[in-house]
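>>> Using only what follows, build the 3D model:
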Amino acid sequence: MIAAATTVITAAGEHRRTGKVGGSMLLAAVTAATAATLLATGNPLYALLPVCVSIAAWGVLASPLRWTFLAFLALVILADVAPRDLAGDGLSVWQSPVYPLQLFLLDNLDKATGIAALRFSGAEVLLVLMALLAVSRTVSGRTVDRVGRIPGASPIAAALALALVTVVIWEAWGTARGGDVRQSLWQFRQLLWLPVVTALLTYALRGPRDFGALVWVVTITACAKVAIGLYYYFAIARPANVKPPTVTSHSDSVLFVAVIVMWAALAVYRPTPGRLVIGTTVSAWMLLGMIINNRRTAFVGLIAAFAVLFVMLPTTTRRTIARAALCCLPLFGAYLFAGRHRSTGFFAPAASILSVTEQTDASSATRDIENYNLLVTLKQHMILGSGWGHEYVEVSKAYDISHIFAQYRYIAHNSVLWLWSLLGLVGFTGVWLPHGVATFLAARSHRHARTGDERAAAFAVIAIIVTFAVQAWADMGTQAWTCVLLLACAFAASGKLATATNAWPSDIRLIRLSRQQSRSWPGAAGARR
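Model (predicted):
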């Protein structure tokens with residue numbers, strides 16, 4: 001099947017170069033692949049697979065890479081809904097409608113194919129293919145992706161390169177210290193792909209003109225995930241008198257908040273009647289998703305994101321909002337007081353916010369114990385860390401969860417403290433540097449922005465990074481594909497915005513600025529003064 005697909009793709013590419021001869025080759029390849037599949041499986045439906053592959057391959061080869069990546073982004077985020085296993089609560093395993101996507105995109109392919117050697121996911125295969133396509137187009141000089149494209153700012157590229165090198169060096173350091181290589185691959189898997197995904201987005205996106213399509217893709221996908229969660233909650237769990245701990249995935253906390261803050265930013269910086277209606281409707285749908293998903297981290301991230309928006313607004317607007325907030329403060333206090341013992345319906349957000357401040361539940365207690373163990377581990381290797389492939393030191397033990405998560409000492413919930421314990425001060429700085437650089441570039445872009453859409457994009461970048469940091473501190477943010485993809489979108493948008501707004505001109509280099517370039521840099525004059 002793989003050989004047939006490769007033949008079809010090759011023939012599709014040949015068709016673009018050789019015209020009628022290529023078309024004949026393509027037709028012959030598809031016919032042969034269809035016949036071979038029919039003979040091998042005996043199923044007419046499977047025999048259509050080569051045709052579908054050939055159509056998809058032709059579309060990918062003929063269209064700009066940004067459309068392919070946007071489709072990939074939507075499919076991977078949509079697939080991040082694991083089957084709900086509530087057998088212990090009276091329910092059997094329920095597979096979501098998008099479970100086949102999850103099986104082929106996010107799980108290792110050996111699970112779907114039975115081939116033990118395929119210890120990688122379909123999403124990783126697609127990322128490699130898109131990277132090869134980008135390299136091929138660059139080498140061949142094809143302009144389908146270069147028309148109107150704005151380059152990304154060099155600091156974010158340098159920071160991501162340093163993060164990638166840091167991951168590799170600390171893998172060698174951990175292996176040299178006796179670390180488990182198999183476990184280390186699970187530890188840094190998404191972190192290793194983050195620079196690659198950002199580079200692909202930087203290559204594929206033309207600039208701010210493509211941010212609208214990016215917003216719509218993420219919004220529609222998030223709305224579909226809320227619909228799946230609602231179906232599971234009301235059609236599967238509720239009839240069985242079960243209150244599920246979550247209905248989609250933990251990483252959707254970042255997704256739902258990201259959609260809300262993007263539309264809020266558009267409403268603030270460039271309000272139109274249509275945007276206000278759509279933004280209000282979408283935000284209400286996302287809030288409903290946050291309530292049924294039952295993740296208090298989402299509400300913390302939302303508050304943090306709006307705190308960022310408040311700081312970035314003009315002084316007069318901040319004063320107006322502050323006065324309005326003071327007027328509403330008694331009502332908000334009454335809402336929290338009324339919802340302190342109610343965790344469902346209208347008062348669910350109040351219960352989630354109060355649970356964060358009180359920290360009296362078993363989950364918070366176990367996280368405190370885990371954080372203490374991470375700090376003990378960090379103190380043993382403060383500067384360089386223990387390296388990838390090592391467990392954290394379990395001085396104080398909470399519940400034994402090894403029967404459901406055997407790797408719990410290799411991958412902690414608090415990704416920030418966990419990374420610090422593994423990488424030390426030096427390695428953590430290298431891995432986390434892109435967050436600071438992207439925030440810096442987005443803040444400069446906000447100041448240099450010429451339109452409301454550019455200001456909204458700059459704020460959304462910072463808000464997504466802050467929300468990701470909240471998720472990383474609370475619940476394995478670095479291990480989720482949804483979080484990593486959204487973070488890559490923020491990094492790529494930060495670099496594009498900095499160049500488009502001249503916050504970081506494209507001719508500026510990080511090393512050995514020429515005299516002419518130094519004079520053209522907006523910050524150079526202030527530095528001389």
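>>> Tell me which residues touch Trp388, please.
For Trp388, the contacting residues are 167, 170-171, 173-175, 179, 184, 187-188, 422, taking Cβ atoms under 8 Å, 6 or more residues apart in numbering as the criterion. For glycine as for every other residue, the C-beta is placed from the backbone atoms N, C-alpha and C.
>>> Could you rerun that using 7 Å?
Under the criterion of Cβ atoms under 7 Å, 6 or more residues apart in numbering, the neighbours of Trp388 are 170-171, 174, 179, 184, 187-188, 422.
>>> Which residue comes closest to Val437 once chain neighbours are left out?
Ala159 (4.2 Å; Cβ to Cβ, 6 or more residues apart in numbering).
>>> pLDDT of the helix or strand harbouring that neighbour, averaged?
Taking DSSP states H and E as the definition, one finds Ala159 inside helix 154-176. Along helix 154-176, the predicted local confidence has a mean pLDDT of 95.
>>> so the following helix or strand past that helix versus helix 154-176, what angle?
Tracing the chain past helix 154-176, the next element assigned as helix or strand by DSSP H and E is helix 181-204. Taking axes from the mean of the first three to the mean of the last three Cα atoms, to 10 degrees, one finds helix 181-204 and helix 154-176 inclined to each other by 170 degrees.
>>> who wins for neighbours among the contacts of Trp388?
Across the contacts of Trp388, neighbour numbers were computed from other Cβ atoms under 10 Å; Leu422 holds the maximum, 32 neighbours.
>>> give me every residue that touches that one.
With contact set as Cβ under 7 Å, 6+ apart, Leu422 has these partners: 385-388, 390.
>>> Tell me the most packed of those residues, by neighbour count.
Top of the contacts of Leu422 by neighbour count (other Cβ under 10 Å): Trp388, with 29 neighbours.
>>> Need the three-state assignment for that one.
coil (DSSP: H, G, I helix; E, B strand; the rest coil).
>>> Against Asp252, how distant is Pro245?
Pro245 sits 13 Å away from Asp252, going by Cβ to Cβ, to the nearest Å.
>>> Who has more neighbours out of these two?
Asp252 (29 against 13).
>>> so how far is the lengthiest helix in the chain off the chain centroid?
Of all the segments assigned as helix in the chain under DSSP state H, the longest by residue count is helix 415-448. Relative to its parent chain, helix 415-448 has a centroid offset of 16 Å by Cα atoms, centre = their mean, to the nearest Å.
>>> just the angle between the next helix or strand after it and helix 415-448, please?
Along the chain past helix 415-448, the next helix or strand (assigned with DSSP H and E) turns out to be helix 452-474. With the same axes, to 10 degrees as the criterion, the two stretches helix 452-474 and helix 415-448 enclose an angle of 170 degrees.
>>> shouldn't Gly424 be in contact with Ile383?
Yes: taking contacts as Cβ atoms under 7 Å, Gly424 lies within contact range of Ile383: 4.9 Å.
>>> Same drill for the two, tell me which one is more crowded.
Remark: of Gly424 and Ile383, Gly424 carries more neighbours, 20 against 8, as counted by other Cβ under 10 Å.
>>> what sits against that one?
Neighbouring residues of Gly424 by Cβ under 7 Å, 6+ apart: 381-385.
>>> Find the nearest non-adjacent residue to it, please.
Spatial nearest neighbour of Gly424, excluding adjacent residues (Cβ to Cβ, 6+ apart): Gly385 at 3.3 Å.
>>> ok, residues contacting stretch 180-189?
167, 171, 174-175, 388-389, 407, 410-411.
>>> how about the CA coordinates for that stretch, as PDB?
In PDB, the C-alpha atoms belonging to stretch 180-189 read as follows (Å, rounded to 0.1, in the frame of the first residue of the first chain):
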ATOM      1  CA  ASP A 180      16.700   5.300  29.500                       C
ATOM      2  CA  VAL A 181      16.700   6.200  25.900                       C
ATOM      3  CA  ARG A 182      13.200   4.700  25.200                       C
ATOM      4  CA  GLN A 183      11.700   6.900  28.000                       C
ATOM      5  CA  SER A 184      13.600  10.000  26.900                       C
ATOM      6  CA  LEU A 185      11.900   9.800  23.400                       C
ATOM      7  CA  TRP A 186       8.600  10.200  25.100                       C
ATOM      8  CA  GLN A 187       9.800  13.000  27.300                       C
ATOM      9  CA  PHE A 188      11.000  15.400  24.600                       C
ATOM     10  CA  ARG A 189       9.000  14.100  21.600                       C
END
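>>> sorry, back to before: return the closest of the contacts of Leu422 with respect to Gln479.
Among the contacts of Leu422, Trp388 lies closest to Gln479 (Cβ to Cβ), at 13.5 Å.
>>> Where do the helices of the stretch 1-150 of the chain begin and end?
2-18, 20-41, 44-47, 49-62, 65-79, 99-105, 109-113, 122-140 (DSSP state H, counting those that start in this stretch).
>>> what's the angle between the fourth one and helix 122-140?
This means helix 49-62. Inter-element angle recorded for helix 49-62 and helix 122-140: 40 degrees (by the same axes, to 10 degrees).
>>> distance between helix 49-62 and the chain's centre?
27 Å.
>>> what is the mean pLDDT for that helix?
Taken as a whole, helix 49-62 carries a mean pLDDT of 75.
>>> try the first one
The pLDDT scores in helix 2-18 average 44.
>>> Mind exporting the C-alpha coordinates of stretch 129-142 to PDB?
Taking C-alpha atoms only, stretch 129-142 is exported to PDB below (Å, rounded to 0.1, in the frame of the first residue of the first chain):
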ATOM      1  CA  LEU A 129       6.500  14.800   4.100                       C
ATOM      2  CA  MET A 130       5.600  18.500   4.400                       C
ATOM      3  CA  ALA A 131       9.200  19.300   5.400                       C
ATOM      4  CA  LEU A 132      10.500  17.400   2.400                       C
ATOM      5  CA  LEU A 133       8.000  19.200   0.100                       C
ATOM      6  CA  ALA A 134       9.200  22.600   1.400                       C
ATOM      7  CA  VAL A 135      12.800  21.700   0.900                       C
ATOM      8  CA  SER A 136      12.100  20.400  -2.600                       C
ATOM      9  CA  ARG A 137      10.300  23.600  -3.600                       C
ATOM     10  CA  THR A 138      13.000  25.700  -2.100                       C
ATOM     11  CA  VAL A 139      15.800  23.800  -4.000                       C
ATOM     12  CA  SER A 140      13.800  23.700  -7.300                       C
ATOM     13  CA  GLY A 141      12.900  27.400  -7.100                       C
ATOM     14  CA  ARG A 142       9.200  27.000  -7.300                       C
END
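>>> Give me the contact list for it.
Contacts with stretch 129-142, where a contact means Cβ under 7 Å, 6+ apart, come from 65, 68-69, 144-145, 196, 200, 203.
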